[in-house]
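S.K.: Structure here, sequence nowhere to be found:
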């Protein structure tokens, strides 16, 4: 015996669905049995009329009528299909029931919709999933705040709105101080806990309408609407204190955290989002340099803007000069203190300009270092120095390199290639490294020094005395030469303090069998003192300043081409 098939309405109800026919002329909706299983807690009377049902719909009450009006009637007797999604509820205190409606409508004699029929089904899970995906696309997964993309979009909107209504707002970048140390000391999970907690503390101190987002790993961006400069200062102190005054509890124990803040008033000092971010970032860096846990506001600065224009111009000139081979060398003699015979020449970078003027190293190197071009300059200088050594067998030259270049694998690959291409050059090359590098990267630098010395080159520490490198570190590095900072040498004839300092450096270096060079020797009296104290070499105005003329007389045409 075959059991009776259940009614279609029963099957639909079991699937969370219901069928309907909507007579548009009379605005009557007829539902299948068990429609109440789909529309729970909604009285049947509110489902019987299209107008009554539309009052329950969110976000647009007219969504059903609009779907019929905007879909094509080209299907004729088969009906015009449509599909829509909407939420229904009887009161704002009730949860929204999300519905997916799929159906067809049929035209009357006038071609306009006369009847619609279809199926509705509950779609809460899919809608929740879509909402979650939308949230993930807009928000940072760790903190739940806006991600960088949507923070910048909100900032652009806030600036436009402030300009339109002539109001002021503020954009702040809040950076967590020393987050890398927390990573190293406790691990990334603790650092993540700190980031999340900082976000919560900022959020708890916001006003309605303020916008918070995660700008980058350790930075939050904050838009404070209707905010004057005075309001900005008060708000910044509130955020600083809220994070500084209580430790952050983590699984590894409490962690003390501070933040620094850089802010800019918009649209007064920033007309678009990129300008606001750049200026807030600039002031955040200023605050961090001043003191961790401090606050700085961007203000116009004529000198800074002028320097920035110079940086842009010099950057362009450096790149062009490199491409056009207008980076050249000047040679400053270093002589033996006793005999005044030439010992070697220090190679100093110069840049020839189109108008015939020449930029000196102090005009080039700081800008190149700041803007990340020094590596290219150092590569070119290395090629020029090696070519000079290869072309002139009796010459010894010293080459200055910037701190970053000591850790540049490409520079090391270049020098290895050049040394192998030109045997005998390495033994006549001295590489000068500034003292600050020796302080900061003593262990890594020792490997660099060892590899150079294996080629036969010598190592000099430049500007010794300007920092805090100890003779113990000099011995550990295996340094061959110490160049005493000229700031101490130039006044030894008149300053007892400088005399004592320089004399002591020379004596200690001699005991460690390290050669010494005194820079900025101005007069004969100083040169005699240095000789009597045991200084090995001197250089400076007394001996001769740097010149682009080759003292050994080798014409440029005779030089070997620089390896590339």
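M.R.: Cool, the structure landed. Just so you know, these numbers come straight off a predicted model, no measurement behind them. Numbering: from 1, shown residues only.
S.K.: Strands along the stretch 1-150 of the chain, start to end?
M.R.: Ranges of strands within the stretch 1-150 of the chain are 17-23, 28-31, 57-58, 80-88, 97-107, 113-122, based on DSSP state E, counting those that start in this stretch.
S.K.: In JSON lines: the ones you listed, plus mean neighbour count.
M.R.: (Each C-beta comes from the backbone N, C-alpha and C, glycine too.) As requested, the strands of the stretch 1-150 of the chain are arranged in JSON lines below (neighbours: other Cβ atoms under 10 Å):
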{"stretch": "strand 17-23", "mean neighbour count": "19"}
{"stretch": "strand 28-31", "mean neighbour count": "16"}
{"stretch": "strand 57-58", "mean neighbour count": "16"}
{"stretch": "strand 80-88", "mean neighbour count": "17"}
{"stretch": "strand 97-107", "mean neighbour count": "19"}
{"stretch": "strand 113-122", "mean neighbour count": "19"}
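S.K.: need those in TSV with distance to residue 234, can you?
M.R.: Formatted as TSV, these follow (distance: least, Cβ to Cβ, whole Å):
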stretch	distance to residue 234
strand 17-23	57
strand 28-31	58
strand 57-58	39
strand 80-88	41
strand 97-107	43
strand 113-122	50
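S.K.: As CSV, these with mean pLDDT and distance to residue 197 would be great.
M.R.: Below are the strands of the stretch 1-150 of the chain laid out as CSV (pLDDT from 0 to 100; distance: least, Cβ to Cβ, whole Å):
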stretch, mean pLDDT, distance to residue 197
strand 17-23, 92, 46
strand 28-31, 93, 52
strand 57-58, 88, 36
strand 80-88, 89, 35
strand 97-107, 89, 34
strand 113-122, 90, 39
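S.K.: what's the closest of those to residue 158?
M.R.: Nearest to residue 158 among those is strand 57-58; the distance by Cβ to Cβ comes to 27.6 Å.
S.K.: can you pull the contacts of the residue minimising distance to the centre of the chain?
M.R.: In the chain, the C-alpha nearest the mean C-alpha coordinate belongs to residue 216, at 8.1 Å (Cα atoms, centre = their mean). Residue 216 makes contacts with residue 148, as judged by Cβ atoms under 8 Å, 6 or more residues apart in numbering.
S.K.: Likewise for the one 10 residues further on?
M.R.: Residues touching residue 226, when contacts are defined by Cβ under 8 Å, 6+ apart, comprise 167, 168, 169, 209.
S.K.: quick one, phi psi at the first one?
M.R.: Which is residue 167. Backbone torsions of residue 167, given as degrees, to the nearest 10, read phi -110, psi 170.
S.K.: Now for the contacts of residue 226, which sits with the most neighbours around it?
M.R.: residue 169 (25 neighbours; other Cβ atoms under 10 Å).
S.K.: isn't that residue right next to residue 225, touching?
M.R.: Yes. The criterion here is Cβ atoms under 8 Å, and residue 169 meets it with residue 225 at 4.7 Å.
S.K.: overlap in contacts of those two?
M.R.: Common contacts of residue 169 and residue 225 (Cβ under 8 Å, 6+ apart): 158, 162.
S.K.: Which parts of the stretch 101-250 of the chain are helices?
M.R.: Taking DSSP state H, counting those that start in this stretch, the helices of the stretch 101-250 of the chain run over residues 124-138, 148-165, 179-186, 188-203, 229-244.
S.K.: ranking those helices by burial, who's on top?
M.R.: Among the helices of the stretch 101-250 of the chain, ranked by average contacts under mean count of other Cβ atoms under 10 Å, first place goes to helix 188-203 (a mean of 18).
S.K.: contacts for it?
M.R.: 142-145, 174, 176, 179, 182-183, 212, 214, 217-218, 220, 222, 239, 242-243, 248-252, 255, 257, 259.
S.K.: one more time with 6 Å, if that's ok
M.R.: 142-143, 145, 176, 179, 182-183, 212, 239, 242-243, 248, 250, 252, 255, 257 (Cβ atoms under 6 Å, 6 or more residues apart in numbering).
S.K.: ok, so of the residues you listed, who is nearest residue 481?
M.R.: Of these, the one sitting nearest to residue 481 (Cβ to Cβ) turns out to be residue 183, at 38.9 Å.
S.K.: which two in the contacts of residue 226 are spaced the farthest apart?
M.R.: Of all pairs in the contacts of residue 226, the most separated under Cβ to Cβ is 168 and 209 at 13.9 Å.
S.K.: Can you tell me how far residue 84 is from residue 118?
M.R.: 10 Å (Cβ to Cβ, to the nearest Å).
S.K.: That should have said residue 143, apologies.
M.R.: Residue 143 is 43 Å from residue 118, by Cβ to Cβ.
S.K.: if you count residues, which helix in the chain comes out on top?
M.R.: helix 302-323 (DSSP state H).
S.K.: Just the buried residues of that helix, please?
M.R.: The neighbour-count check on helix 302-323 (16 or more other Cβ atoms under 10 Å) flags 314, 315, 317, 318, 321, 322 as buried.
S.K.: Which pLDDT does the model give the residue lying closest to residue 221 once chain neighbours are set aside?
M.R.: The shortest distance from residue 221 to any non-neighbouring residue, by Cβ to Cβ, 6 or more residues apart in numbering, is to residue 215 (4.0 Å). Listed pLDDT for residue 215 reads 93.
S.K.: does residue 215 really touch residue 222, like I thought?
M.R.: No. Contact criterion Cβ atoms under 6 Å: residue 215 and residue 222 do not qualify, at 9.1 Å.
S.K.: Spell out the secondary structure type for residue 265.
M.R.: Using DSSP: H, G, I helix; E, B strand; the rest coil, the structure places residue 265 in strand.
S.K.: so how far is residue 283 from it?
M.R.: In this view, residue 265 and residue 283 are 11 Å apart by Cβ to Cβ.
S.K.: May I have the phi/psi pair for the residue nearest to residue 122 when sequence neighbours are not counted?
M.R.: Leaving out its chain neighbours, the residue that sits closest to residue 122 by Cβ to Cβ, 6+ apart is residue 16, at 4.5 Å. When read as degrees, to the nearest 10, the backbone of residue 16 gives phi 70, psi 30.
S.K.: Lowest average confidence across helices and strands of the protein, where is it?
M.R.: helix 435-440 (a mean of 56; mean pLDDT, DSSP states H and E).
S.K.: tally of neighbours for residue 44?
M.R.: Residue 44, neighbours per other Cβ under 10 Å, totals 10.
S.K.: Count the neighbours of the closest residue to it other than its chain neighbours for me.
M.R.: Closest residue to residue 44 apart from its sequence neighbours, by Cβ to Cβ, 6+ apart: residue 36 at 6.8 Å. Using other Cβ under 10 Å, the number of residues around residue 36 comes to 15.
S.K.: before we move on, what about residue 497?
M.R.: 10.
S.K.: And it, which helix or strand is it part of?
M.R.: helix 496-511 (DSSP states H and E).
S.K.: Which neighbours in the sheet does the next helix or strand after that helix have, and how are they oriented?
M.R.: Per DSSP H and E, the first helix or strand lying C-terminal to helix 496-511 is strand 515-518. Sheet pairing of strand 515-518 (DSSP bridges) gives strand 481-484 (parallel), strand 537-538 (parallel).
S.K.: any residues touching strand 515-518, and which ones?
M.R.: Counting by Cβ under 6 Å, 6+ apart, 481, 482, 483, 484, 489, 506, 509, 530, 535, 536, 537, 538 sit against strand 515-518.
S.K.: In contact with the last one, which residues?
M.R.: Right, the one you point to is residue 538. Contacts of residue 538 by Cβ under 6 Å, 6+ apart are 337, 518, 521, 527, 530.
S.K.: For the first one, grab the count of nearby residues.
M.R.: Residue crowding around residue 337 was assessed by other Cβ under 10 Å; the count is 23.
S.K.: Make sure it is actually in contact with residue 535.
M.R.: Yes. Using Cβ under 6 Å, residue 337 is in contact with residue 535, at 4.9 Å.
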